[in-house]
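Enquirer: Make a model of this:
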Amino acid sequence: KIAKAPDGILSAFGTLVSSTLDFAGRFSAQKPKEESEPAPIKFVQYYRESAAVSTAFGTGRIMGFRERDGFYKISLTSWTLANKSHPVAWIRGVDIKYAI
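Expert: Got it, this is the predicted structure:
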C-alpha cells in the first residue's frame, strides 16, 4: 500500500513552511569565510650589493634590492652624466647578468 499525503490547505502550508525553514537553515548554518590577506610575496636577492653586473642599459654596480618586487637599484657606470655622476636604474633581477 502507498501512503497518501494528507490533503487540505493546512498540510500544503505546513509542507511549504518546513521546506522553507530547511532551505534557509542550510545557509544560516554555514560559517562565514574569514577573509585573510594573502601572504606578501618576497623576492630573494641573488646579486650582492656592489657586484659588477651587465644590463641592457650597460654595465653597472648593484646599490640595493627591494624584496617586495624583486627590483635592483643599479648605478650604471658605463654612463656619465653632465655633472660627472652615474644614472641610477631600477631593474628586475631577470634582466641582469654578472659582468665578467
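Enquirer: any idea how far V44 is from F65?
Expert: Taken as C-beta to C-beta, to the nearest Å, the spacing of V44 relative to F65 amounts to 9 Å. Just so you know, the C-beta spots here come from the backbone N, C-alpha and C atoms, and that holds for glycine as well.
Enquirer: Next up, the contacts around Y98.
Expert: For Y98, the contacting residues are 47, 51-54, by C-beta atoms under 8 Å, 6 or more residues apart in numbering.
Enquirer: Count residues in the vicinity of G60, would you?
Expert: Applying other C-beta atoms under 10 Å, we find 26 residues neighbouring G60.
Enquirer: Report the separation between it and R92.
Expert: Taking C-beta to C-beta as the measure, G60 falls 14 Å from R92.
Enquirer: likewise L76?
Expert: Distance of L76 to R92, computed by C-beta to C-beta: 15 Å.
Enquirer: Is F71 in contact with R92, as I believe?
Expert: Yes. Counting by C-beta atoms under 8 Å, F71 does reach R92; the two are 5.9 Å apart.
Enquirer: which one of these two has more residues nearby?
Expert: The neighbour comparison of F71 against R92 (other C-beta under 10 Å) goes to F71, with 17 against 12.
Enquirer: Grab the nearest non-local neighbour of that one.
Expert: Leaving out its chain neighbours, the residue that sits closest to F71 by C-beta to C-beta, 6 or more residues apart in numbering is W90, at 4.6 Å.
Enquirer: And V44 and F65? Which one has more around it.
Expert: More crowded of V44 and F65, by other C-beta under 10 Å: F65, with 18 against 8.
Enquirer: for the chain, what's the longest strand?
Expert: Longest strand in the chain by number of residues (criterion: DSSP state E): strand 58-66.
Enquirer: how near is S75 to K84?
Expert: S75 sits 13 Å away from K84, taking C-beta to C-beta as the criterion.
Enquirer: the more surrounded of those two?
Expert: Applying other C-beta under 10 Å to S75 and K84 shows that S75 carries more neighbours, namely 16 against 6.
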